[in-house]
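*Asks:* Could you look at this predicted model? Sequence included:
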Amino acid sequence: MLQAGTPSLTGGGVLAVIVTLLLTWLFYAVTLHLAATFFIGDAPTQLAAKAALVPAVVSMLLQQWGVASGLVSPSLGVLVVVVATLVADGIAISLSYRLSTSSTAPLVALHLAFAAVLGFALNNIFGLL
């Protein structure tokens, strides 16, 4: 039996944070691999898995402790999270795929587009987001 002050397994505890991070990482890895395959051609999935961890961690940290704690104002919170995640995504993509800045920018834009379209579709199908 859980005591009154302890969080439940799905109520924002450590397990919920870990599962959310893993699902975010998987989502970013799948969409990055789709974008990289479209942009580069035949790209290994391991590079997408390596690069996707960085924007997943950055977006989770900024959403949890940036906006919620008051470090970032709520009115600018979404913009700050999106820009910081895109910058982190660009750095991770550039390092993982060993691309120049001029090649990284279109891949980041494609990754954003693939993530937005897939996120919108999943939201319409499951209504989870």
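*Replies:* Perfect, I can see it now.
*Asks:* drop to CA atoms for contacts and neighbour counts, all remaining ones
*Replies:* Will do.
*Asks:* what ranges do the strands span in this structure?
*Replies:* Here the chain has no strands by DSSP state E.
*Asks:* Grab the most central residue of the chain for me.
*Replies:* residue 56 (3.5 Å; Cα atoms, centre = their mean).
*Asks:* Next, the contact list for the closest residue to that one other than its chain neighbours, please.
*Replies:* Among residues not flanking residue 56 along the chain, residue 25 sits closest, at 5.3 Å (Cα to Cα, 6 or more residues apart in numbering). Counting by Cα atoms under 8 Å, 6 or more residues apart in numbering, residue 25 makes contact with 49, 52-53, 56.
*Asks:* Mind doing that once more with 7 Å?
*Replies:* Neighbouring residues of residue 25 by Cα atoms under 7 Å, 6 or more residues apart in numbering: 52-53, 56.
*Asks:* likewise residue 17?
*Replies:* The contact partners of residue 17, by Cα under 7 Å, 6+ apart, come to none.
*Asks:* how far away is it from residue 100?
*Replies:* 34 Å (Cα to Cα, to the nearest Å).
*Asks:* Which elements pack onto the helix or strand of the chain with the lowest mean pLDDT?
*Replies:* Each helix and strand of the chain was given a mean pLDDT (mean pLDDT, DSSP states H and E); the minimum falls on helix 74-97 at a mean of 88. Counting contacts by 3 or more Cα pairs under 7 Å, 6 or more residues apart in numbering; DSSP states H and E, helix 74-97 is packed against helix 45-61, helix 101-126.
*Asks:* and the ones you listed as a markdown table, adding mean pLDDT?
*Replies:* A markdown table is the format used below for these (pLDDT from 0 to 100):
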| stretch | mean pLDDT |
| --- | --- |
| helix 45-61 | 92 |
| helix 101-126 | 92 |
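*Asks:* Point out the most buried one among those.
*Replies:* helix 45-61 (a mean of 19; mean count of other Cα atoms under 10 Å).
*Asks:* Now that one - C-alpha only, CSV.
*Replies:* The C-alpha trace of helix 45-61 is given here as CSV (Å, rounded to 0.1, in the frame of the first residue of the first chain):
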residue,chain,number,x,y,z
THR,A,45,20.0,3.6,-37.8
GLN,A,46,22.7,3.8,-35.2
LEU,A,47,23.6,7.3,-36.1
ALA,A,48,20.0,8.4,-35.6
ALA,A,49,19.9,6.7,-32.3
LYS,A,50,23.0,8.4,-31.1
ALA,A,51,22.0,11.8,-32.3
ALA,A,52,18.4,11.6,-31.0
LEU,A,53,19.3,11.3,-27.4
VAL,A,54,20.6,14.9,-27.2
PRO,A,55,17.4,16.7,-28.3
ALA,A,56,15.3,14.3,-26.2
VAL,A,57,17.2,15.1,-23.1
VAL,A,58,17.3,18.9,-23.8
SER,A,59,13.6,19.1,-24.5
MET,A,60,12.7,17.1,-21.4
LEU,A,61,15.0,19.1,-19.2
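*Asks:* Many thanks, we can stop here.
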